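In: My questions concern the predicted model and sequence given below.
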Amino acid sequence: DTAVSQTPKYLVTQMGNDKSIKCEQNLGHDTMYWYKQDSKKFLKIMFSYNNKELIINETVPNRFSPKSPDKAHLNLHINSLELGDSAVYFCASSQDGRSNQPQHFGDGTRLSIL
Amino acid sequence: GDSVTQMEGPVTLSEEAFLTINCTYTATGYPSLFWYVQYPGEGLQLLLKATKADDKGSNKGFEATYRKETTSFHLEKGSVQVSDSAVYFCALSEDSSYKLIFGSGTRLLVRP
């Protein structure tokens, strides 16, 4: 069973479109995250949620809107896609927000903007 | 702010060679430290962690020791295999920060 699963794995779309990425974890964790990995493999936090509540919004444009319907799901909706949004987006979860808890990552969603 | 610095890659080694990937960090508090590995086309997998000074994390022949005096967490393996070829990320997390701060990643290529 996949612990953290994201869909879709690949997303190819045109500039200006709106798209969503879904994430689900079956680990019973309280905390979920979205990270962005750019073309140079650099990873940066975008959002953190704890028990469905937003904890971190790391200066992400408001075109990006996360939604957590329950603590097992954290979806990412992106409006008016731009070329610079092309990246791999990773969902992750951890037991809670304590620093010693490792984060478990999904396989990523590769977003390509034409 | 907090940051992690890793040696630039790629690192190219022959099978059975000794591996060291350097990692140093800057943090305001007492972070936990992690190494993650990313195989091609996959997500990140936790390789090992250490949560306080002088702790040694180990897994699958890889080791790293949390050195507070040198703010380092270097990754080592005594004998690498072709299957170890991947990108390795050093990361830290401060308490109640709700995020990992990553280094830039180091690509390892092991040749038969």
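Out: That came through, no problem.

In: can you give me how far whichever strand or helix holds residue A:22 is from the chain middle?
Out: Using DSSP states H and E, the element containing residue A:22 is strand A:19-25. The chain centroid and the centroid of strand A:19-25 are separated by 7 Å under Cα atoms, centre = their mean, to the nearest Å.

In: helices or strands up against the following helix or strand past it?
Out: On the C-terminal side of strand A:19-25, the closest following helix or strand by DSSP H and E is strand A:31-37. Under the contact criterion of 3 or more Cβ pairs under 8 Å, 6 or more residues apart in numbering or on different chains; DSSP states H and E, strand A:31-37 touches strand A:19-25, strand A:43-50, strand A:73-78, strand A:87-94. Heads up, the C-betas are built off the backbone N, CA and C, glycines and all.

In: outside of the last one, which residues touch it?
Out: Yep, that's strand A:87-94 we're talking about. Under the contact criterion Cβ atoms under 8 Å, 6 or more residues apart in numbering or on different chains, strand A:87-94 has outside partners A:3-4, A:6, A:21, A:23, A:25, A:27, A:29-39, A:43, A:46, A:74, A:76, A:101-106, A:108-111, B:43-44.

In: What's the PyMOL line that selects buried ones from these?
Out: Of the contacts of strand A:87-94, the buried ones go into a single PyMOL selection, burial set by 16 or more other Cβ atoms under 10 Å in any protein chain shown:
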select buried, (chain A and resi 4+6+21+23+25+29+30+31+32+33+34+35+36+37+43+46+74+76+101+102+103+104+105+106+108+109+110+111) or (chain B and resi 43+44)
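
In: Buried deepest among the helices and strands packed on strand A:31-37, which one?
Out: Between the helices and strands packed on strand A:31-37, the one whose residues have the most neighbours on average, counting mean count of other Cβ atoms under 10 Å in any protein chain shown, is strand A:87-94 (a mean of 24).

In: strands paired with the helix or strand following it, and their directions?
Out: Next along the chain after strand A:87-94, taking DSSP H and E as the criterion, comes strand A:104-105. Taking DSSP bridges as the criterion, strand A:104-105 sits next to strand A:87-94 (antiparallel) in its sheet.

In: hmm, back to that, just put the helices and strands packed on strand A:31-37 in JSON lines and tack on distance to residue B:102 and mean pLDDT.
Out: Shown next, in JSON lines, are the helices and strands packed on strand A:31-37 (distance: least, Cβ to Cβ, whole Å; pLDDT from 0 to 100):
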{"stretch": "strand A:19-25", "distance to residue B:102": "19", "mean pLDDT": "97"}
{"stretch": "strand A:43-50", "distance to residue B:102": "4", "mean pLDDT": "95"}
{"stretch": "strand A:73-78", "distance to residue B:102": "19", "mean pLDDT": "97"}
{"stretch": "strand A:87-94", "distance to residue B:102": "11", "mean pLDDT": "96"}
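
In: With respect to residue B:22, which of the ones you listed lies nearest?
Out: Residue B:22 lies closest, by Cβ to Cβ, to one member of these: strand A:43-50, at 18.3 Å.

In: Tell me the strands beside the closest one, with direction?
Out: In its sheet, strand A:43-50 lies beside strand A:31-37 (antiparallel), strand A:53-57 (antiparallel), with partners assigned from DSSP bridges.

In: Can I get it as PDB, trimmed to CA atoms?
Out: As requested, C-alpha coordinates have been extracted for strand A:43-50 and formatted as PDB (Å, rounded to 0.1, in the frame of the first residue of the first chain):
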ATOM      1  CA  LEU A  43      13.400  21.700  -2.800                       C
ATOM      2  CA  LYS A  44      11.400  24.400  -1.000                       C
ATOM      3  CA  ILE A  45       8.500  24.200   1.400                       C
ATOM      4  CA  MET A  46       5.200  25.800   0.100                       C
ATOM      5  CA  PHE A  47       2.600  24.900   2.700                       C
ATOM      6  CA  SER A  48       2.200  23.000   5.900                       C
ATOM      7  CA  TYR A  49      -1.100  21.900   7.500                       C
ATOM      8  CA  ASN A  50      -1.700  20.400  10.900                       C
END
